[in-house]
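[1] model this:
(6 chains)
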Protein chains: 6
Amino acid sequence: MNPLLDGGINVNSTTVVIGASGAGKTTFAIQFIRKGLESGQEGIFVSLDENKEQIIREAVEMGWKEIMDHLKEERLVFIDASGKDFSNFIRKELHSFVNDWKGAGARIAVDPLTPVIWALENNYEQRELIGMLLKQTRRVGTVLCTLEEHGTEGDLSGKETAIPMYLADCVIHLRYKAMESSTNRMLKIVKCRNSWHSEVFHPYRIITGLGLVVQHENFRKTIKKESTVLLVKELEKNAHLLPKNIYQRMQKTFKDLTDAELGEISHSELMRHVIEEYS
Amino acid sequence: MNPLLDGGINVNSTTVVIGASGAGKTTFAIQFIRKGLESGQEGIFVSLDENKEQIIREAVEMGWKEIMDHLKEERLVFIDASGKDFSNFIRKELHSFVNDWKGAGARIAVDPLTPVIWALENNYEQRELIGMLLKQTRRVGTVLCTLEEHGTEGDLSGKETAIPMYLADCVIHLRYKAMESSTNRMLKIVKCRNSWHSEVFHPYRIITGLGLVVQHENFRKTIKKESTVLLVKELEKNAHLLPKNIYQRMQKTFKDLTDAELGEISHSELMRHVIEEYS
Amino acid sequence: MNPLLDGGINVNSTTVVIGASGAGKTTFAIQFIRKGLESGQEGIFVSLDENKEQIIREAVEMGWKEIMDHLKEERLVFIDASGKDFSNFIRKELHSFVNDWKGAGARIAVDPLTPVIWALENNYEQRELIGMLLKQTRRVGTVLCTLEEHGTEGDLSGKETAIPMYLADCVIHLRYKAMESSTNRMLKIVKCRNSWHSEVFHPYRIITGLGLVVQHENFRKTIKKESTVLLVKELEKNAHLLPKNIYQRMQKTFKDLTDAELGEISHSELMRHVIEEYS
Amino acid sequence: MNPLLDGGINVNSTTVVIGASGAGKTTFAIQFIRKGLESGQEGIFVSLDENKEQIIREAVEMGWKEIMDHLKEERLVFIDASGKDFSNFIRKELHSFVNDWKGAGARIAVDPLTPVIWALENNYEQRELIGMLLKQTRRVGTVLCTLEEHGTEGDLSGKETAIPMYLADCVIHLRYKAMESSTNRMLKIVKCRNSWHSEVFHPYRIITGLGLVVQHENFRKTIKKESTVLLVKELEKNAHLLPKNIYQRMQKTFKDLTDAELGEISHSELMRHVIEEYS
Amino acid sequence: MNPLLDGGINVNSTTVVIGASGAGKTTFAIQFIRKGLESGQEGIFVSLDENKEQIIREAVEMGWKEIMDHLKEERLVFIDASGKDFSNFIRKELHSFVNDWKGAGARIAVDPLTPVIWALENNYEQRELIGMLLKQTRRVGTVLCTLEEHGTEGDLSGKETAIPMYLADCVIHLRYKAMESSTNRMLKIVKCRNSWHSEVFHPYRIITGLGLVVQHENFRKTIKKESTVLLVKELEKNAHLLPKNIYQRMQKTFKDLTDAELGEISHSELMRHVIEEYS
Amino acid sequence: MNPLLDGGINVNSTTVVIGASGAGKTTFAIQFIRKGLESGQEGIFVSLDENKEQIIREAVEMGWKEIMDHLKEERLVFIDASGKDFSNFIRKELHSFVNDWKGAGARIAVDPLTPVIWALENNYEQRELIGMLLKQTRRVGTVLCTLEEHGTEGDLSGKETAIPMYLADCVIHLRYKAMESSTNRMLKIVKCRNSWHSEVFHPYRIITGLGLVVQHENFRKTIKKESTVLLVKELEKNAHLLPKNIYQRMQKTFKDLTDAELGEISHSELMRHVIEEYS
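    Residues are numbered from 1 along each chain as shown, chains lettered A, B, ... in the order given. Okay, the predicted model is just below:
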């Protein structure tokens, strides 16, 4: 995911992964937890639907046999809860649970978030509950929640889908479209606060023994910095129009820009914006 | 079904077969039970709508006259229940029923699941009930539930349809589309946990005396392993970049890949993914 | 209807005829009852909406003057009921009414079924009620219920429409589409348990003095058995691969197949299916 | 309307005229009442929305000044009622009102029916109420109810629209479609029990001083009987295949057919239908 | 507006102006009131949403500085009410308020009507309330109510929108469509009782200092009376077929017709209609 | 924003910024507050969802490090409230809070408004609440509320979205459309009371370190005043047709018009409008 997200998912951020049945949400969650454990983080897997056995079986099937050791040595904690139990936990105990937490940056997966939302019927309360969950959990680690698509295929605008999307820092859509002669799976980063992110759809496949494999071959070319070099030169020409601290800040900002990020915005347009905003 | 599902439906898994009126769901369920009985498994047919006589008549019409013997000798048990009765059974008795079960891998068909879902009105409770049913029944055998399509034709996103889809291990869609000059019946495997599966639509027909016949002639060509041989060679070239245990695992993984599974993902793309993930 | 349904509607089966306002549902029901009376069966016409006079007037208008004699001599019984009354009758008295029935194979028309469904508000209970009605009435004769289309034109997926469709043995759609310069009326057999049926749309017209006239001129050509002769030959070639009893059954099955039924499935494909299923 | 309806609206029948705001429903109702009064019938105008003054003003504006005399001399009765009052009247008094009625074939207009339907909230009860209204009123005359289109433009499938359509003998749609550079007004007869009717859309305009003017110039050509002459000849050839009374009836039936009614059905097809049905 | 409406909005009529946010409803209402005041009528502005200040500011911005004088000298009365207060006023006091009113033909603007409708939840009661408001207010003047579009863009079929449309004498739609490279604003007269009206969409713009400016340049050409001269001649030829009083009335009617009103209806068609209706 | 809005957002006005998840609403709100603080105004940031830390982090990430000083020196006040708390505050305390306020023109951001709306369930009450909030806050400053898009992508017609749009003075839509190979972000000014505004969609991007950058390069060309010079000349020719004060006012009005504002309206059309309205 790194090339798509300018360094991957941020620490202490919350990510929502949305997808229909068959899109690979649980597989994504397992990969997320595995990566954390392999780099020494702790893992918490909250399963709202399935039994532990089913998910572990899937993990092993993906070639991750070490999961058994992580479980035994309690680096990975597995929580099997109903939507209502977990929603009660969020309201009554999560806050003090987080305060008592001592570990370093854990990875927390909630798969899927849907039953937690369905435990309440009122949109306002659903929002408050999910807000509480995300706010508290990101204090102790990096959070990934999977979310089922309900409603028309590929449409993310239903309230139950939209609420977690608005509240999370990062939203990833696994679009799964059944077509006559092929199955179209596409990954799209919908938003990512505080980070630049890819703005296009990337095909991905689920490969036995590997899990999700995202294709971004062609995309790599667009994240070079060729045209932004010229932009910095244009900034120099306009240096006299800007306060010194702004000029210095823009020098740094422009150097970090990639061609993909700049898109079709012209140098003069961007330059004018800076002058209007800061001079 | 075998060529589409890498060895057919897994033992101790749950499958949901979705289709509109006329798609052939009951026929599919009868074929599923017949195959089990012919290979020595026991069969349980839970009918939520129809009377025993109607289904047996359909089985005999399909040429399966032996069903009468199976029933008489109790290798096949037939349960006629209302949605509410069965839903009460799931909540109160299923767990101890399963604990007491002594038989080897039975085949269980629930046809259709719809009245069980309708017995409850709240989505959260529907989900909990179906979750309980699937979790318990897969402990004693291979489970197949049929599910009616409600909502726009071919759209599987309504909650009552989506809940069982998210909870089942395997989802098969029998798409039935009435067109001016022909009837279009297509079978699509929407998801199948732990197994590779075909990702395209396969035409099927319902033939008097035979039941569902799936057409997959052209598909067979795509499951050869020509290009994956080259992939293994590429892996060898990159052996030095990978830990030894990963290298060995990937060798095995790559050998099992088929061309259909690999799809349009290039060798270099897959190789890079493996290196990024595991080195 | 015979050429479309491999011998017409089965005895002791239930058929649902769906159509919008103006499609000709009542006309269809009158023709169904007339045919029964002319071949010596008894008739029961349950009218949920209209008064007897209106329907008799329509029958006479169609040229069926004998209806008056049938009524007088009680070969045809006319029941005028409200949806709620009839729904109470189904729940409380239908079972013993059926048990006491002595006549031979009657024809029963319910026109329209809609107010019976609307008498209840809960989908689960609607399903149970319709299930009870169909299950009991088919014990004493051949049943035909008309059903109003509600929801988008030609869309049969609303729950009130879908419930009777799923429960009936046979479903016929009278699609009525108003177009700029003509009115398009098409008859389609959506499903028919235990019988082969036509899979295409057939134009029909309502002709004064005749009622519904279905056009199936071109269709007749497709129900010959030319190509299935070759199929039997192919079976003979593969005789050694099949158990003897299966071989004999398939010989009979293949001889009864028509070109229309076989559709685009190739001989080799069908042959392979049989070998996979039964050898 | 006569050429479109094989002699116009039948006596003692009920007609529903559906249209959006601006389609001309009230104008249609006024013309319907005027024609009756001019041919010596009595008129009853039930207005559920507007005050008498507004409608009379519109009638006079259309050139029908005599309405004032008809009112004064009580040949035309004007009833101003709320939906709830009128719905109570239907349930409690309409039956005995009709029994006491002494006049000859009146014309009754209800404009619009919508508030009567809205007076109840349950679809079952709405249906029962409208059924009662139509059943009773057609005993004393010719009934015309206007109905507002609610829901998507030109879509008649909402329940509140569909209920009166299913219950009425005759349904006329005034389709009103606003387009960029013109307003498209089309009249379509959706159904008409016991009468042949035009099956195409006819443009109409609302002309100051005249009211609704339906264009059916081109349509007139299609209601000749050229091709049906040949049909009678074909019948003669097949006389030996039919019982005598059927042959005589068919002679009469075929002579009354028009080319428009026969449509694209071929002579041989129709002939075959008759032989199959009656021989 | 005059050329579009055959002399503008009628006295003692009710007009509903519908439009989305940004369409210019309030601007339209201000212009309506201004025109009345400039021609000596009184004005009543009922604001359900905004404070007096905001609307007066907008009026002044449009160049109408005299509004201040009108307010001071009480020729213009400004009412600031909540939806519920105003709805109570309609039910309890409006009738006697109207009876006590002494002024000559006032202009009354209600901006917007929406909160009045929302003050009730039941469609039947909303209809009754709006009916009462329109019926009473038109007794004392010319009434204009603005109405918000809710539901899909440009779709006027939602019940809350449709109710006032059916009840008002005149309906004007300000269609506001955001397009990629321009904003499309179109005015369409949906209906106008007792008056001929334009049947096409007219572009309009909102110009600073002027308000709504409707473009009807091309439309003017179509309201000439060229072809209707010929129509009168045709009438003369058919004079012998019509009663004398009808002939005289038709002469007058035909002379007032414009080409736009006649549209594509042919002279012979119209002539035939008149003969069928009146001879 | 200035070139798009004829001088930017007005003082003492209320603006609603609508956008889906990922559109950049919070970024917009931060930029709005920053501009105010940099020009000496006070700032109030009401956050309904997020914690202060998250938003400050985002502000700093955008290069606005001075936010920390503003907070410390209380030029910027940060309010973290739940939807229900804030809605209670609006109803009970906002009025007196505003009366007690002493500061000069503050900038107030509410991000997002959605939970405030959701705190109530009835549309009428939501409207009243939002009306109260906007009415009071604009008395003390310039208000910007962000609003989440719920419902189909880019559709602003849902009631919860439409209510604030109708009540606000200015509405800005950040349309965010995910497409196969790019992400389409477009800014559109839907309405702006009392100001001319751009009527087209403008692409924008979110640039790391800068925030929202709106592209309006091509648009600038259309806001010249070339053709309006000719319009003033035409006015002079018609001077004799207008009252003197109107003539003078129009001179001023016409001189301020831009080509973009005039659009496709012709000089003669506009001239005629003025003469009809004011002569």
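[2] and the residue of chain A found nearest chain B, what does it touch?
    Using CB to the nearest CB, the single residue of chain A nearest to chain B is residue A:22, 3.0 Å away. For every residue, glycine as well, the C-beta is placed using N, CA and C. Listed by CB atoms under 8 Å, 6 or more residues apart in numbering or on different chains, the contact set of residue A:22 reads A:176, B:171, B:190, B:191.
[3] Isn't residue A:175 up against residue A:183?
    No - the criterion here is CB atoms under 8 Å, and residue A:175 misses it with residue A:183 at 11.0 Å.
[4] coming back round to it: what residues does the closest residue to the residue of chain A closest to chain B other than its chain neighbours make contact with?
    Nearest non-adjacent residue to residue A:22, counting by CB to CB, 6 or more residues apart in numbering or on different chains: residue B:191, 3.0 Å away. Contact analysis of residue B:191 by CB under 8 Å, 6+ apart lists A:21, A:22, B:165, B:170, B:171, B:197.
[5] next one: residue A:81
    A:46, A:47, A:48, A:89.
[6] Report how many residues lie close to the third one.
    Applying the criterion other CB atoms under 10 Å in any protein chain shown, we find 25 residues in the vicinity of residue A:48.
[7] and the gap between the closest residue to it other than its chain neighbours and chain E?
    Nearest non-adjacent residue to residue A:48, counting by CB to CB, 6+ apart: residue A:115, 4.5 Å away. Taking CB to the nearest CB, to the nearest Å as the measure, residue A:115 falls 32 Å from chain E.
[8] that older thread, need the contacts of residue B:191 in JSON lines with pLDDT and secondary structure, can you?
    Putting these into JSON lines (pLDDT from 0 to 100; DSSP: H, G, I helix; E, B strand; the rest coil) gives the following:
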{"residue": "A:21", "pLDDT": "92", "secondary structure": "coil"}
{"residue": "A:22", "pLDDT": "91", "secondary structure": "coil"}
{"residue": "B:165", "pLDDT": "95", "secondary structure": "helix"}
{"residue": "B:170", "pLDDT": "94", "secondary structure": "strand"}
{"residue": "B:171", "pLDDT": "94", "secondary structure": "strand"}
{"residue": "B:197", "pLDDT": "83", "secondary structure": "coil"}
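[9] farthest pair in those residues?
    Distance extremes for the contacts of residue B:191: the farthest pair is B:165 and B:197 at 14.3 Å, using CB to CB.
[10] which parts of the stretch 51-200 of chain A sit against chain B?
    Within the stretch 51-200 of chain A, the positions lying close to chain B (CB under 8 Å from any CB of the partner chain) are A:51, A:54, A:57-58, A:61, A:63, A:82-84, A:112, A:114-115, A:118-119, A:148-153, A:178-183.
[11] out of the residues you listed, which are buried?
    Buried subset of those (neighbour count, 16 or more other CB atoms under 10 Å in any protein chain shown): A:54, A:57-58, A:61, A:63, A:82-84, A:112, A:114-115, A:118-119, A:148-151, A:178, A:183.
[12] Tell me which entries of these lie within helices.
    The helices, defined by DSSP state H, take in A:54, A:57, A:58, A:61, A:83, A:84, A:114, A:115, A:118 from those.
[13] Farthest pair within these?
    A:61 and A:84 (30.4 Å).
[14] Restrict stretch A:251-263 to CA atoms and write it as PDB.
    Provided in PDB are the C-alpha atoms of stretch A:251-263 (Å, rounded to 0.1, in the frame of the first residue of the first chain):
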ATOM      1  CA  GLN A 251      10.200  26.000  -1.100                       C
ATOM      2  CA  LYS A 252       9.900  23.000   1.100                       C
ATOM      3  CA  THR A 253       6.300  22.400   0.200                       C
ATOM      4  CA  PHE A 254       7.000  22.500  -3.600                       C
ATOM      5  CA  LYS A 255      10.000  20.200  -3.300                       C
ATOM      6  CA  ASP A 256       7.800  17.500  -1.700                       C
ATOM      7  CA  LEU A 257       5.200  17.700  -4.400                       C
ATOM      8  CA  THR A 258       4.900  14.800  -6.900                       C
ATOM      9  CA  ASP A 259       3.600  15.000 -10.500                       C
ATOM     10  CA  ALA A 260       0.600  12.800  -9.400                       C
ATOM     11  CA  GLU A 261      -0.300  15.200  -6.600                       C
ATOM     12  CA  LEU A 262       0.000  18.300  -8.800                       C
ATOM     13  CA  GLY A 263      -2.300  16.800 -11.500                       C
END
